[in-house]
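S.K.: sequence first, predicted model second:
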Amino acid sequence: MSILPQLPASMRIVSDAEYQELRKTMEVHVPAQEKVHYALTDVLAVLGIFLPPPKPWSDTCTALYLVHTEEYIDTGQLGTWIQCELDACHPADTHEGEDIEWSDNQPGAVRAWPVEP
Ligand SMILES: [Zn+2]
């Protein structure tokens, strides 16, 4: 089970089961299967719908941020999940990764939590 962030009411994150169904449907039509995930990410983000969070790596802070605001439409990051690149257990409640800074209280943010290595 994943911890999900707060998002504006018009947005939502699909369940793992929905994601698997979407993948199956897309794989019928998209020959390059390795692109299915990225195609789904981009297409659904336009509608304010996002894919489930990834399992974070355990070698940095595990805080995640779902890029969901309009300012990122042109950067190609809309709909992607970003993991904090700072050291695990860094003191501040602000995180950074891929040139984006966020705080634990911001919509789209998932707090750091311990991960099995
Ligand atoms: Zn962090």
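M.R.: Good, I have the coordinates.
S.K.: list the buried residues of stretch 96-116.
M.R.: Residues 96-97, 100, 102, 108-110, 112 are the ones in stretch 96-116 that count as buried (16 or more other C-beta atoms under 10 Å). From N, CA and C alone the C-beta is placed, and that goes for glycine too.
S.K.: restrict those to contacts with the ion.
M.R.: Here nothing survives when the buried residues of stretch 96-116 are matched to the ion using C-beta under 5 Å from the ion.
S.K.: contacting residues for the residue nearest the centre of the chain?
M.R.: Centroid-nearest residue in the chain: Trp81, 2.4 Å away (criterion: C-alpha atoms, centre = their mean). If you count contacts by C-beta atoms under 8 Å, 6 or more residues apart in numbering, Trp81 has them with 51, 53-54, 64-67.
S.K.: what's across from Ile100 in the sheet?
M.R.: Beta-bridge pairing for Ile100 (DSSP bridges): Gly97.
S.K.: which members of the buried residues of stretch 96-116 define the maximum pairwise distance?
M.R.: Using C-beta to C-beta, the two most remote members of these are Ile100 and Ala112, lying 15.8 Å apart.
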